[in-house]
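Undergrad: Sequence plus predicted model, see below.
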Amino acid sequence: MRARIDPRWILVLACVLGLALPGARAAELIRVKDLGKVQGWRENALTGYGIVTGLAGTGDSPANRATRQALANLLAQFNLTVPPEQIQSRNVATVVVNASLPAFAREGDALDVTVASAGDARSLVGGALLLTALKGANGRVHALAQGPLSIGGYRYDANGNLQQKNHPTVGSVPGGAVVEVAVGSEVLDAERNVTFVLADPDYTTASRVAEAINRQLGAGLAEARDANGVDIHVPPAARAHLVGFLAGVESVTVEPDRRAKVVINERTGTVVSGGDVRIDRVVISQGDLRISIASENTASQPLVLGDAPAGVRTAIVTNTRIDVNEQPGSAFVPPAHDTVADLVQALARMKTNTRDVISILRAVKAAGALHAELIIQ
């Protein structure tokens, strides 16, 4: 059976797409800060291998040799020599700890960490992370993490009964890591220039950003290198106050250029598009054909008086019925210079469900009438 979607949702979708209404305001100016970032400003991934203790019998099983060895190594640091094969605790679990080190983090700053079970623990609820060293890609320890875990779920099982919410084997320690070694971030290159990197590479936008910086901060300061970067020359007088200069660059306003895109998610039936995405004059015909096949199995029993003769048996008879229901289709010719938003509004008035809207947009793109990049997720 084909699911039908309330046409009112299509009207809501049309509003989200931004219908081309008379007197609509022009595109607003956007800060350069919202279009990208300065090159050299990046976060660094940290990871470590640690132990969570204090679990109420939901930790790794005694069959996990890695957990037993890790606990034996931990006890050895406190002058307690216990062979790994003699450790049978279910209150301990080995975990992988992850964190993100910001570009301008300093020693003593606190970081949030994520803790995920690395063994066969059933739940990390109530556990506490022991001191864990977090290393970067260079193998150097940049932070130390520890603290009680915050778990957004639970798991309880007894006598074959199980109650579970979310994923109890993954948790977090808010502010649980302390930065020990910061990572330097240099934004000036050898020529004392700063490169601004766009989040969405585009030649037109890069050119407009360079023109806006030259117009608002001074001629000859910026030059678009390519579709992704804009080189900004830092004057000698501003190098001593680089923070203020970059703050002024981030405050420059510009009208970015956007590529025409239509994003379709067939799993959820979502269509997202710019309100000004154009389509050519096109004829669209949309119908609805439903085919229903029903099979009914019955047993045919022979009516025999006395003993049944040889060869007489019960037979299974299958009766199949095919029903074809074709709803009257609809066809229309949108006026010239329509947008995708206008098309969706017209389809909503025809009570077309979202799935059919997606099929129609794909067919319009295949016909060469949709002048936008069609992204199907």
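TA: Yep, it's here. Numbers count the residues shown, from 1 in each chain.
Undergrad: can you map out the helices along the stretch 151-300 of the chain?
TA: Using DSSP state H, counting those that start in this stretch, the helices of the stretch 151-300 of the chain run over 203-217, 242-250.
Undergrad: should've said the stretch 1-150 of the chain
TA: With helices called from DSSP H, counting those that start in this stretch, the stretch 1-150 of the chain shows them at 7-17, 65-76.
Undergrad: domains of this structure?
TA: For the chain, automatic domain parsing gives the domain ranges 7-25+261-298+314-376, 30-39+186-254, 44-179.
Undergrad: rank the ones you listed by pLDDT, which is bottom?
TA: Ranked by mean pLDDT, those bottom out at domain 7-25+261-298+314-376, which scores a mean of 66.
Undergrad: okay if I get the domains of the chain as JSON lines plus mean neighbour count?
TA: For every residue, glycine as well, the C-beta is placed using N, CA and C. Shown next, in JSON lines, are these (neighbours: other Cβ atoms under 10 Å):
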{"stretch": "domain 7-25+261-298+314-376", "mean neighbour count": "14"}
{"stretch": "domain 30-39+186-254", "mean neighbour count": "16"}
{"stretch": "domain 44-179", "mean neighbour count": "17"}
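Undergrad: Give the bridge partners for residue 133, please.
TA: Bridge pairing for residue 133 (DSSP bridges) gives the partners residue 144.
Undergrad: should've said residue 165
TA: Beta-bridge partners recorded for residue 165 (DSSP bridges): residue 154.
Undergrad: about what we covered before: now the helices of the stretch 151-300 of the chain in CSV, with distance to residue 149?
TA: Below are the helices of the stretch 151-300 of the chain laid out as CSV (distance: least, Cβ to Cβ, whole Å):
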stretch, distance to residue 149
helix 203-217, 44
helix 242-250, 38
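Undergrad: Out of those, which is closest to residue 282?
TA: Across those, residue 282 has its closest neighbour in helix 203-217 (27.6 Å, Cβ to Cβ).
Undergrad: Need the residues that contact the closest one.
TA: Contacting residues not belonging to helix 203-217 are listed as 32, 35, 196, 198, 220-230, 232, 248-249, 252-257 [Cβ atoms under 8 Å, 6 or more residues apart in numbering].
Undergrad: Swap in 7 Å and give it another go.
TA: 32, 35, 196, 198, 220-224, 227, 230, 232, 248-249, 252-257 (Cβ atoms under 7 Å, 6 or more residues apart in numbering).
Undergrad: Likewise for stretch 224-237?
TA: For stretch 224-237, the external contacting residues (Cβ under 7 Å, 6+ apart) are 39, 188, 192-198, 201-203, 206-207, 209-210, 213, 221-223, 242, 245, 249.
Undergrad: who's in contact with residue 368?
TA: For residue 368, the contact set (Cβ under 7 Å, 6+ apart) is empty.
Undergrad: distance of it from residue 280?
TA: To residue 280, residue 368 is 8 Å away according to Cβ to Cβ, to the nearest Å.
Undergrad: Equivalent analysis for residue 262, please.
TA: Counting by Cβ to Cβ, the gap from residue 262 to residue 280 is 14 Å.
Undergrad: can I assume residue 144 is in contact with residue 135?
TA: No. Assessed by Cβ atoms under 7 Å, residue 144 is found out of contact with residue 135, at 10.7 Å.
Undergrad: Touching, residue 154 and residue 168? I think so.
TA: Yes. Counting by Cβ under 7 Å, residue 154 touches residue 168, with 5.6 Å between them.
Undergrad: overlap in contacts of these two?
TA: Here residue 154 and residue 168 have 123, 125 as joint contacts, going by Cβ under 7 Å, 6+ apart.
Undergrad: any idea what sits nearest residue 140, other than its immediate chain neighbours?
TA: In this structure, residue 140 finds its nearest non-sequential neighbour in residue 181, 6.5 Å apart by Cβ to Cβ, 6 or more residues apart in numbering.
Undergrad: so what's that neighbour up against?
TA: Residue 181 sits next to 140-142 when contact means Cβ under 7 Å, 6+ apart.
Undergrad: And the pLDDT at it?
TA: 88.
Undergrad: before we move on, what about the one 3 residues further on?
TA: At residue 184, the pLDDT value in this model is 70.
Undergrad: count of residues packed around it?
TA: If you count neighbours by other Cβ atoms under 10 Å, residue 184 ends up with 7.
Undergrad: what's near enough to touch it?
TA: Neighbour list for residue 184: empty [criterion: Cβ under 7 Å, 6+ apart].
Undergrad: Brilliant, that's me finished.
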